[in-house]
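*Asks:* task: produce atomic coordinates for the following.
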Amino acid sequence: MIKSMTGFASVSREHKLATIGVTVRSVNHRYLDVQVRVSQLLAAQETELRGLVQRRVARGRVELAVTTRVITPPAVEIALNEPLVEALSAAVEQAHARGLAIGGLTSSDLLRFPEAMVVRELETDEASRTTIQRAVADAVDSALCELDEMRIREGGHLGADLNTRCATVADLVERLAVAAQTGEAGLVARLTNRVEELRGQSQVDEALVAQEVVRFAARSDVTEELTRLRGHLAHWSMLAASPDPCGRRLDFLLQEMNREVNTLGAKIEGTGVSELIVAAKAELEKLREQAQNVE
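*Replies:* Below is the predicted model:
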């Protein structure tokens, strides 16, 4: 199936316990590369979210970001930094003994030292955490559905362009087949004339000449290359119609088609062949560039 690797989706959810925001974007990549960014509240859920992405996406670099804002402020715990307070008290007593200070250490004095009081947020209770994680998983799944829809829409445009270019390559292949037949006929005529010329020379071994003619004609035969090219184009159509991701296999097919076209250029003789080869290679390069976007 022709599906683009490029896409973006964003989902926001208002839950009774938290506000959830999900953004997911994907770009071209040779393999599947998943990057997940979540808050500390969801750190234990990162593996699960990564698995959700892997079930939806086969290829591309995917960046998933999830934000959560707990609606009910978390409870806090205030603790006294006893070692610091004891050190401060001892310093005040020393100053008092030397006549450098009057009075002892008061609570107001302690509040002037931020390190004297430690304020910690208490963790969200397990039941609330589980509820929020379920809501996050649902939001991520919805965002991935939207991403998939966008990648399919983009893939439709890609597929139309790729099909047009494949049709152009198929036409060029058939024109090369005609050029090969014309070139082969010309080659046979030239060889025939040359053999007739050589027959007038008594030293020439006609059997040896005939063998060389056969070898030369065999080296110029392009039936195998044309058959493989037609097969590759048929295989391309099959992959494009399949529901499975096909980008990497299309890349491989293009490499094989380019190799066959190069061989045709080396074997086929005749006027206009070079132009056909250049045109075919140009279309294959455009196909390769577009195939880089296919999942």
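*Asks:* mind listing the strands in the stretch 51-200 of the chain by residue range?
*Replies:* 60-70, 76-80, 117-121 (DSSP state E, counting those that start in this stretch).
*Asks:* let's have the ones you listed in TSV, adding mean neighbour count, mean pLDDT and distance to residue 106.
*Replies:* Bear in mind the C-beta positions are built from the backbone N, C-alpha and C, glycine included. Shown next, in TSV, are these (neighbours: other CB atoms under 10 Å; pLDDT from 0 to 100; distance: least, CB to CB, whole Å):
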stretch	mean neighbour count	mean pLDDT	distance to residue 106
strand 60-70	20	94	36
strand 76-80	9	73	14
strand 117-121	11	70	14
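*Asks:* right, and the ones you listed - which one's nearest residue 241?
*Replies:* For those, proximity to residue 241 was assessed by CB to CB; strand 60-70 is nearest, at 21.2 Å.
*Asks:* would you give the sheet partners of that closest one, along with the direction of each?
*Replies:* strand 18-27 (antiparallel), strand 32-37 (parallel) (DSSP bridges).
*Asks:* who's in contact with it?
*Replies:* With contacts defined as CB atoms under 8 Å, 6 or more residues apart in numbering, strand 60-70 is touched by 5-6, 17-29, 32-39, 41-42, 49-50, 53, 124, 132, 136, 139-140, 143, 295.
*Asks:* for this protein, which residues score under the pLDDT cut-off?
*Replies:* Low-confidence segments of the chain (pLDDT under 70): 72-76, 96, 99-105, 109-111, 120-125, 187-192, 194-219.
*Asks:* and the strands of the stretch 51-200 of the chain as a markdown table, adding distance to residue 91?
*Replies:* Formatted as a markdown table, these follow (distance: least, CB to CB, whole Å):
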| stretch | distance to residue 91 |
| --- | --- |
| strand 60-70 | 40 |
| strand 76-80 | 17 |
| strand 117-121 | 18 |
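*Asks:* where along this protein do the helices fall?
*Replies:* Here the chain has its helices, by DSSP state H, at 46-56, 82-97, 107-111, 126-199, 206-219, 223-241, 247-267, 273-291.
*Asks:* list the buried ones in the last one?
*Replies:* In this case it means helix 273-291. Neighbour-count burial for helix 273-291, counted by 16 or more other CB atoms under 10 Å, picks out 273, 276-277, 279-281, 283-284, 287, 290-291.
*Asks:* what angle sits between it and helix 247-267?
*Replies:* Counting by axes from the mean of the first three to the mean of the last three CA atoms, to 10 degrees, helix 273-291 lies at 170 degrees to helix 247-267.
*Asks:* same check, this time on the longest one
*Replies:* Per the same axes, to 10 degrees, the angle that helix 126-199 makes with helix 247-267 is 10 degrees.
*Asks:* can you say which of the contacts of strand 60-70 are buried?
*Replies:* The neighbour-count criterion (16+ other CB under 10 Å) marks 5-6, 17-18, 20-26, 32, 34, 36, 38, 41-42, 49, 53, 124, 132, 136, 139-140, 143, 295 among these as buried.
*Asks:* got the strands paired with strand 60-70 as JSON lines, with distance to residue 261 columns?
*Replies:* Output for the strands paired with strand 60-70, formatted as JSON lines (distance: least, CB to CB, whole Å):
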{"stretch": "strand 18-27", "distance to residue 261": "30"}
{"stretch": "strand 32-37", "distance to residue 261": "31"}
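*Asks:* and of the ones you listed, who's closest to residue 160?
*Replies:* With CB to CB as the measure, strand 18-27 is the member of the strands paired with strand 60-70 nearest residue 160 (20.8 Å).
*Asks:* so what are the domain limits for the chain?
*Replies:* 7-73+125-152, 76-121, 154-291 (automatic domain parsing).
*Asks:* including distance to residue 1, could those domains go into JSON lines?
*Replies:* Converted to JSON lines, those look like this (distance: least, CB to CB, whole Å):
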{"stretch": "domain 7-73+125-152", "distance to residue 1": "8"}
{"stretch": "domain 76-121", "distance to residue 1": "47"}
{"stretch": "domain 154-291", "distance to residue 1": "5"}
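*Asks:* pairing partners for the residue nearest the centre of the chain in the sheet, please.
*Replies:* In the chain, the centroid-proximal residue (CA atoms, centre = their mean) is residue 60; its distance is 2.2 Å. Legend: beta-bridge partners of residue 60 under DSSP bridges are residue 32.
*Asks:* against residue 98, how distant is it?
*Replies:* As for residue 60, its distance to residue 98 is 72 Å (criterion: CB to CB, to the nearest Å).
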